[in-house]
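Visitor: Need a 3D model of the sequence below.
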Amino acid sequence: MSGRLAGKIAIVTGGASGIGRATCRLFGREGAAVLVTDVNEAGGRAVGEAVTAAGGRAAFLPLDVTREADWTAAIDHVLREHGRLDVLVNNAGRGGLPARVPAEHVVLADWELIMAANATSVLLGTKHAIPAMRRTGGGAIVNVVSIYALVGSRGGASYHASKGAARALTRAAAIQYASEGIRINAVFPGFVETGMTAELHARPGVREERVALTPLGRVAEPEDVAPGILYLASDEASFVTGTELVIDGGMTAR
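Guide: Predicted structure coming up:
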């Protein structure tokens, strides 16, 4: 344990699985007190218990990132328990097959669901974290976006649009709050093996196509992405804001 987040208080959304789970575990090893949040209560509690069993500090709180009242409750909980908030990782999101149809086939209800989960959630987290971080002179927000905010594909109009909104919000908010010592950055994962991608990767040929598109020759694991989030959350990135850290095995360099 190097303690790169020693003494810091962090909230991680979507912490029950995938990139969120890997981030919670890494943050715990690096000394942060982690509030694991998710709508999956059993999974989230299990992650919190695993962090604690490994010698870290963690607790679980249910959080639907599309509900502003849940955000208010989460921030109030952190301030009541710890008196400060240093790091927010906006990781929770939604994908799946309804998010990946071409524009002419998008169902409006699906569009609104995807935008709420992947874009509105980032706004709400940022909105409520800013005043808490201001109280102690700054903090770090890391938004988990996607290379699909950078490139197009044959489907996924809703998903691309929602991630593009999160990208633009990251850059705007970074400028708006830099003078207050609040750094806001984004990580852009490529193709990752997570619960969210499992159904898609099970389709014939999809996983193989994604491997072929990735110069490093494999699909990422969540543990490949979490260290980038750790860097942006840590004081090592004290002069980094508004940046876009692409972790995609070289896919977008083509």
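Visitor: Report the residue spans of the chain with pLDDT below the cut-off.
Guide: 1-2, 96-99, 195, 197-202 (pLDDT under 70).
Visitor: ok, which stretches of it are helices?
Guide: Using DSSP state H, the helices of the chain run over residues 18-29, 41-53, 68-82, 108-115, 121-134, 157-177, 195-201, 206-213, 222-233.
Visitor: helices or strands up against the longest one?
Guide: Same thing as helix 157-177. Using 3 or more Cβ pairs under 8 Å, 6 or more residues apart in numbering; DSSP states H and E as the contact test, the elements touching helix 157-177 are helix 108-115, helix 121-134, strand 139-144, strand 182-189. For every residue, glycine as well, the C-beta is placed using N, CA and C.
Visitor: Tell me which of these is the most buried.
Guide: strand 139-144 (a mean of 27; mean count of other Cβ atoms under 10 Å).
Visitor: picking that back up, output the helices and strands packed on helix 157-177 as TSV; include the columns distance to G20.
Guide: What follows is the helices and strands packed on helix 157-177, written out as TSV (distance: least, Cβ to Cβ, whole Å):
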stretch	distance to G20
helix 108-115	18
helix 121-134	12
strand 139-144	8
strand 182-189	12
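Visitor: which residues does the closest residue to K127 other than its chain neighbours contact?
Guide: Setting aside the residues directly before and after it, K127 is nearest to W71 in space (Cβ to Cβ, 6 or more residues apart in numbering), at 7.6 Å. W71 sits next to 63, 65, 124-125, 127-128 when contact means Cβ atoms under 8 Å, 6 or more residues apart in numbering.
Visitor: re the thing from before, closest one to R4 among the helices of the chain?
Guide: helix 222-233 (6.5 Å; Cβ to Cβ).
Visitor: Would you check that E223 makes contact with R21?
Guide: No. If you go by Cβ atoms under 8 Å, E223 and R21 don't touch, sitting 9.7 Å apart.
Visitor: more neighbours, these two?
Guide: R21 (27 against 14; other Cβ atoms under 10 Å).
Visitor: Quick check, the more buried one in contact with G48.
Guide: No. Judged on Cβ under 8 Å, R21 makes no contact with G48 at a distance of 10.3 Å.
Visitor: quick one: common contacting residues for those two?
Guide: With Cβ under 8 Å, 6+ apart, R21 and G48 have common neighbours G15.
Visitor: G164: neighbour count?
Guide: 17.
Visitor: how about stretch 206-213: buried residues?
Guide: 207, 210, 213 (16 or more other Cβ atoms under 10 Å).
Visitor: how about that stretch as CSV, C-alpha atoms only?
Guide: The C-alpha atoms that make up stretch 206-213 are tabulated as CSV, following Å, rounded to 0.1, in the frame of the first residue of the first chain:
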residue,chain,number,x,y,z
VAL,A,206,-18.8,-9.1,-31.5
ARG,A,207,-16.0,-9.8,-29.0
GLU,A,208,-13.8,-11.1,-31.8
GLU,A,209,-14.4,-7.9,-33.8
ARG,A,210,-13.5,-5.7,-30.8
VAL,A,211,-10.3,-7.6,-30.2
ALA,A,212,-9.4,-7.2,-33.9
LEU,A,213,-10.0,-3.4,-33.6
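Visitor: before we move on, back to that, okay, the buried residues of stretch 206-213 in CSV with distance to G83 next?
Guide: Formatted as CSV, these follow (distance: Cβ to Cβ, whole Å):
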residue, distance to G83
R207, 46
R210, 44
L213, 46
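Visitor: of all those, which comes closest to R134?
Guide: Among the buried residues of stretch 206-213, and counting by Cβ to Cβ, the member closest to R134 is R210, at 40.9 Å.
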